[in-house]
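**Q** structural data only, the sequence is not supplied:
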Ligand SMILES: CC(C)(COP(=O)(O)OP(=O)(O)OC[C@H]1O[C@@H](n2cnc3c(N)ncnc32)[C@H](O)[C@@H]1OP(=O)(O)O)[C@@H](O)C(=O)NCCC(=O)NCCS
């Protein structure tokens, strides 16, 4: 098992020929659609990451991306210190950033035994193309095979039906739901329900 990165790193593209099982099949399916997955985050990726973090759908469900994760270089450096394994989905022909996902240590009082967490965002230019499921498959399998087999958990909003669908399709089971208020990009709150899920 490798240790999770804590800094910007040298990056490389995952090679389906050196993987197996579900990870290999998902990488091949993404390759057929013209996409590859870069492992690791370099400073060169930051402008595209910041542009992604202020897209409408990301602001709606992940408002902390542009304030607490990817705001600027020092903020990202601090976020990486929490041990974050970053995966970037890139369109091979253009090099354009199609999505970002990560895994790393994290606990929640709502998920007994949960030791790892993560997140996924697809750029709006690439949503609705069936990329999220194979992308997240690679993220979860690669983390499990190469980094940690600890219990992984995710959280999301109930109104984010696409995310809930994908997580459940990949085997996440709902552990707890909690009525709450979702902060909107306008600084107001909408009633919503927080869903806590664990894999398996
Ligand atoms: C959530 C997100 C990653 C999904 O990616 P996507 O490209 O929109 O989803 P896909 O096109 O890959 O669709 C995957 C599946 O979800 C289903 N789906 C998509 N939107 C749906 C919706 N509103 N309701 C129900 N199912 C939905 C699709 O039908 C598809 O199902 P299938 O694989 O069984 O055919 C993407 O919309 C996103 O990044 N949103 C903004 C950030 C975000 O919300 N991240 C998650 C935070 S918890």
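**A** Nice, I can see it. Not measured: the values here are computed from a predicted model.
**Q** enumerate the residues of this structure near the ligand.
**A** Within the chain, the residues that sit near the ligand (C-beta under 6 Å from any ligand atom) are 57-58, 61-62, 120-122, 127-133, 156, 160-163, 165-166, 169. In this view, the C-beta of every residue, glycine as well, is placed from N, C-alpha and C.
**Q** write the ChimeraX selection for whichever of those are buried.
**A** If you want just the buried ones from the residues of the chain next to the ligand in ChimeraX, going by 16 or more other C-beta atoms under 10 Å, the selection is:
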select :58,61,62,120,121,122,127,131,132,156,160,163,166
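**Q** filter the residues of the chain next to the ligand down to just the ones in helices.
**A** Secondary structure defined by DSSP state H assigns 57, 58, 61, 132, 133, 161, 162, 163, 165, 166, 169 of the residues of the chain next to the ligand to helices.
**Q** okay, these in a markdown table with distance to residue 100 and pLDDT next?
**A** As requested, these are arranged in a markdown table below (distance: C-beta to C-beta, whole Å; pLDDT from 0 to 100):
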| residue | distance to residue 100 | pLDDT |
| --- | --- | --- |
| 57 | 13 | 96 |
| 58 | 10 | 96 |
| 61 | 14 | 96 |
| 132 | 12 | 98 |
| 133 | 16 | 97 |
| 161 | 21 | 97 |
| 162 | 16 | 96 |
| 163 | 14 | 98 |
| 165 | 20 | 97 |
| 166 | 15 | 97 |
| 169 | 20 | 97 |
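**Q** of those, which pair is most distant in space?
**A** 58 and 169 (20.9 Å; C-beta to C-beta).
**Q** mind listing the strands for the protein?
**A** 12-13, 35-39, 85-91, 97-105, 116-122, 153-157, 172-183, 189-199 (DSSP state E).
**Q** mind putting those in TSV, distance to residue 26 and mean pLDDT included?
**A** Supplementary listing: the strands of the chain in TSV, determined by distance: least, C-beta to C-beta, whole Å; pLDDT from 0 to 100:
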stretch	distance to residue 26	mean pLDDT
strand 12-13	14	98
strand 35-39	9	98
strand 85-91	11	98
strand 97-105	12	98
strand 116-122	13	98
strand 153-157	17	98
strand 172-183	16	96
strand 189-199	15	97
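**Q** dump these into TSV; add distance to residue 23 as well.
**A** Output for the strands of the chain, formatted as TSV (distance: least, C-beta to C-beta, whole Å):
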stretch	distance to residue 23
strand 12-13	13
strand 35-39	10
strand 85-91	11
strand 97-105	13
strand 116-122	15
strand 153-157	18
strand 172-183	17
strand 189-199	15
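**Q** among the ones you listed, which is nearest residue 138?
**A** That would be strand 35-39 among the strands of the chain, by C-beta to C-beta, at 5.6 Å.
**Q** helices or strands up against that closest one?
**A** With contacts taken as 3 or more C-beta pairs under 8 Å, 6 or more residues apart in numbering; DSSP states H and E, strand 35-39 sits against strand 12-13, helix 21-32, strand 85-91, helix 132-146.
**Q** quick revisit: looking at the ones in helices among the residues of the chain next to the ligand, which is nearest residue 87?
**A** Lowest distance from residue 87 to these (C-beta to C-beta) belongs to residue 132, with 12.2 Å.
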